[in-house]
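# coords below, sequence missing:
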C-alpha cells in the first residue's frame with residue numbers, strides 16, 4: 001500500500017502561467033509585496049534560457065467543499081512555494097505590474113542583448129543602446145510578430161546576422177516551453193505535515209508559519225471577499241508603520257479605497273505612535289482568538305476551508321460563516337477606539353515607549369482580553385485594571401514566551417468556561433503569590449540581559465510610580481525613557497572590569513539605574529566609595545558634582561526610588577555581590593508595590 005502523499009508532474013511554464021491567469025492555481029501573494037530584487041528576476045530568466053533547473057513548485061489543493069445544493073466543488077490549488085518565482089515570470093514575461101516591499105506599483109523590465117545572448121535589468125544606458133531589446137515582455141505580448149521584431153532589430157544594428165538574431169530570439173520565446181516540476185500535496189494533509197514537506201523540499205529551509213497558511217487561504221478566496229480582507233490586514237500593518245503610505249493606497253488600489261475597510265483605518269494617517277505596530281500574524285492571532293474563542297491558527301485555516309469539526313466534513317456554509325466572523329474580528333482589531341484603548345492601557349501601566357514592549361504576544365493577548373471584556377460588557381475601569389494586571393503578570397511569568405498558540409488556546413477556552421474576571425483573578429493569584437515576590441523574583445533577576453522582562457517591568461514600575469531618575473531632582477524616569485536615557489552602572493563597569501569581572505557579572509540588571517547622560521558621564525569610572533562620598537558632601541554644602549539634589553532627605557528619597565540601600569550615602573559600601581542581593585530584593589518589592597496598585 002502506497003504511503004505517498006503527493007504527486008510530481010512536470011508542466012510547461014506557459015501552462016502554469018495560463019492556470020494562474022484563469023485562477024486554476026491561486027497565488028495568494030500575487031498582489032502582496034514582491035520582495036525579489038530585479039537582478040534575481042534577470043537571473044531566473046537567464047537560468048531558463050540556459051536550460052538550467054529552477055526548482056520545484058509546491059501546490060496544495062484546497063479540500064473539496066460541499067455546496068448548498070448538495071454537490072461538491074473541487075478546491076483550487078494553492079501555490080505555497082514558488083510564489084516569488086511565478087510572480088517574477090508574470091512580471092517579466094507578461095508585463096504585469098507588481099507591488100514592491102515599499103508598496104509601490106512598478107513594472108520590472110528585463111532587457112535582452114540578442115548578439116551576446118545576455119539578459120540585464122533595464123536602465124537608462126540600455127535605453128540609449130540600439131543593441132538591446134529593452135523589454136522581453138514585448139516578445140510574449142498577444143499578437144507579437146517575431147518577424148517584425150527581428151527586422152526592426154536588424155535595421156537598428158546593420159552588423160547583426162539575421163539568422164543568428166532569429167535563432168536567439170526564438171530561444172528566448174521558447175523559455176515558456178521549459179518544464180517545471182509541480183509537487184501537488186494531497187488535500188487531506190494537516191498544516192504541520194505540509195510545513196514539514198515544505199522545509200524538506202525547499203533548499204533554503206525557510207519556515208512557513210501557520211499565519212502564512214491562513215493568509216494564503218484568505219487571499220485565495222474570491223467568493224467571500226478574502227482578497228479584500230487580506231489587503232485590509234496587509235495595509236493596516238503597513239500604515240501602522242508608515243502612515244504616509246495612505247495616498248499610495250488611494251492612488252494605486254481604487255477598489256480597496258472604495259471598500260469599507262480603508263475608511264476604518266484612515267485614522268492611522270495622523271498616528272506616529274509605535275507602541276504597538278502589529279504584524280499580520282499579530283492581527284490574525286487577535287482577530288481569530290477573540291472572535292472564534294480558539295487559539296490555534298491551524299483551526300482558522302481549517303474553518304476557512306469549510307471544515308465542520310463535528311462532522312469532519314467540509315461545508316460551504318462553514319467557510320462562509322468563518323470568513324464573516326474573521327472579517328468581524330479584523331474590523332474590531334482596526335477600530336480606532338479599541339486600538340487607542342489598548343495602547344492607553346499599556347501606557348497607564350507605565351509602558352510608555354516601544355522600548356519597553358518586549359513581548360508582542362503578551363500585547364496580543366492583552367488586546368484579546370480587552371476585546372473579549374468589551375464584548376461581555378465589563379465596566380471600563382474594571383476591564384482596564386484586569387488587562388493591566390494580566391499583561392504585567394504574563395511578562396513576569398513568561399506566559400506567552402514558550403508555546404504562545406497553545407497557551408492562547410488554553411486561556412481563551414478557560415475564560416469561556418469560567419468567565420473572564422474569575423479566571424484572570426484566579427490565575428494571577430496562583431502565579432504571583434507572596435513567595436514569588438519574596439524569593440523567586442529576586443532569584444530570577446540574577447541576569448545580565450537589559451531586555452529581560454524583569455528589568456522592563458521595573459522601568460514601567462518606576463514610570464507608573466512617578467520616580468525621579470538616579471540623582472535627578474526634577475527629571476523623572478518617564479522623561480528619561482521618552483528621551484532615550486542612559487543606563488548607568490551603580491558600580492561602574494570599568495571599575496568592575498579592573499577587578500577581573502566578566503561582562504555577565506558587571507552587566508547585572510541589579511547594577512543598572514536610569515540616569516541623565518550628564519550624571520552618568522560625571523560619575524564615569526569612579527568607584528562607588530568615591531562618588532557616594534562626594535554625594536554625601538554635596539548634601540552638606542559641598543561642591544554640586546552630580547545632579548541638583550543638595551538636601552540629605554531628598555537624596556535618601558532619591559536612592560529609595562532607585563531601590564538603592566541608603567547605607568551607600570553613609571559610606572557603608574557593600575561588597576558587589578552583597579549589593580546585588582540587597583538590590584534585587586528592593587527591586588522585587590518595588591515591582592510588587594507597583595503591581596498591587598495597578
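Everything's here; your move. Computed from a predicted structure; not experimentally measured. Numbers count the residues shown, from 1 in each chain.

# For the rest of this, base every contact and every neighbour count on C-alpha atoms.
Fine.

# For residue 119, which residues are in contact?
42, 43, 45, 46, 110, 111, 112, 113 (CA atoms under 8 Å, 6 or more residues apart in numbering).

# now with 10 Å?
Residues counted as contacts of residue 119 (CA atoms under 10 Å, 6 or more residues apart in numbering) are 39, 41-46, 49, 110-113, 132-136.

# for residue 478, same thing?
Neighbours of residue 478 in contact, by CA under 10 Å, 6+ apart: 350-353, 459-460, 462-469, 485.

# Ok, residue 266 next?
Listed by CA under 10 Å, 6+ apart, the contact set of residue 266 reads 236, 239, 243, 246, 334, 336.

# Restricted to buried residues, select the residues you listed in ChimeraX.
For the buried members of the contacts of residue 266, the matching ChimeraX selection, counting by 16 or more other CA atoms under 10 Å, is:
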select :236,239,243,246,334,336
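
# Flag every buried residue along stretch 243-253.
243, 245, 246, 249.

# Now the first one: closest residue in space, sequence neighbours ignored.
Distances taken as CA to CA, 6 or more residues apart in numbering place residue 269 nearest to residue 243, at 4.5 Å, with adjacent residues excluded.

# tally of neighbours for the one you found?
Other residues lying near residue 269 total 15 when counted by other CA atoms under 10 Å.

# Which pLDDT does the model give residue 227?
Note on residue 227: pLDDT of 83.

# And for residue 495?
Turning to residue 495, the model gives it a pLDDT of 93.

# which residues touch it?
489, 501, 506, 524, 525, 526, 527, 528.

# Closest one of the contacts of residue 478 to residue 275?
The shortest gap between residue 275 and any of the contacts of residue 478 belongs to residue 353, at 5.9 Å (CA to CA).

# Do I have it right that that closest one meets residue 477?
No. Counting by CA atoms under 10 Å, residue 353 stays clear of residue 477, with 11.7 Å between them.

# how about the contacts of residue 266, which pair is most distant?
Spatially, the most separated pair among these is 246 and 336, at 16.0 Å (CA to CA).

# Torsion angles phi and psi at residue 153?
Phi and psi for residue 153, reported as degrees, to the nearest 10, are phi -70, psi -50.

# residue contacts, it?
The contact partners of residue 153, taken as CA under 10 Å, 6+ apart, are 114, 130, 131, 132, 133, 147, 160, 162, 165.

# List just the nearest of those residues to residue 545.
Using CA to CA, the contacts of residue 153 come closest to residue 545 at residue 132, 71.8 Å.

# In helices only, show me the buried residues of stretch 243-253.
246, 249 (DSSP state H).

# where along the stretch 151-300 of the chain do the helices fall?
Using DSSP state H, counting those that start in this stretch, the helices of the stretch 151-300 of the chain run over 162-173, 191-201, 210-220, 226-241, 246-252, 254-257, 260-265, 280-292, 297-304.

# Identify the residues contacting the residue nearest to residue 243.
Contacts of residue 269 by CA under 10 Å, 6+ apart are 239, 240, 242, 243, 244, 245, 246, 247.

# same thing but at 8 Å, please
Residue 269 sits next to 239, 243, 244, 246 when contact means CA under 8 Å, 6+ apart.

# Adding neighbour count, pLDDT and distance to residue 550, write the contacts of residue 153 out as JSON lines.
As requested, the contacts of residue 153 are exported to JSON lines (neighbours: other CA atoms under 10 Å; pLDDT from 0 to 100; distance: CA to CA, whole Å):
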{"residue": "114", "neighbour count": "21", "pLDDT": "94", "distance to residue 550": "82"}
{"residue": "130", "neighbour count": "14", "pLDDT": "94", "distance to residue 550": "80"}
{"residue": "131", "neighbour count": "18", "pLDDT": "94", "distance to residue 550": "81"}
{"residue": "132", "neighbour count": "23", "pLDDT": "95", "distance to residue 550": "78"}
{"residue": "133", "neighbour count": "21", "pLDDT": "95", "distance to residue 550": "79"}
{"residue": "147", "neighbour count": "10", "pLDDT": "90", "distance to residue 550": "92"}
{"residue": "160", "neighbour count": "15", "pLDDT": "90", "distance to residue 550": "89"}
{"residue": "162", "neighbour count": "15", "pLDDT": "92", "distance to residue 550": "93"}
{"residue": "165", "neighbour count": "21", "pLDDT": "92", "distance to residue 550": "88"}
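
# Nearest to residue 385 among these?
Within the contacts of residue 153, the smallest distance to residue 385 is 66.6 Å, found for residue 133 (CA to CA).

# Quick check: phi and psi on the closest one?
phi -90, psi 120.

# Contacts for the longest helix along the chain, please.
Secondary structure of the chain per DSSP H: the longest helix is helix 576-596. Counting by CA under 8 Å, 6+ apart, helix 576-596 makes contact with 389, 392, 437-438, 441-443, 445-446, 457-458, 461, 464-465, 491, 510-511, 563-565, all of which sit outside it.

# One more: stretch 535-552?
Residues outside stretch 535-552 that contact it (CA under 8 Å, 6+ apart): 471, 472, 473, 519, 522, 523, 534, 555, 569, 570.

# Those residues in strands, which ones?
Here DSSP state E is the test, and the contacts of stretch 535-552 give no hits in strands at all.

# Top of those residues by number of neighbours, please.
Within these, neighbour counts (other CA under 10 Å) peak at residue 471, which reaches 26 neighbours.
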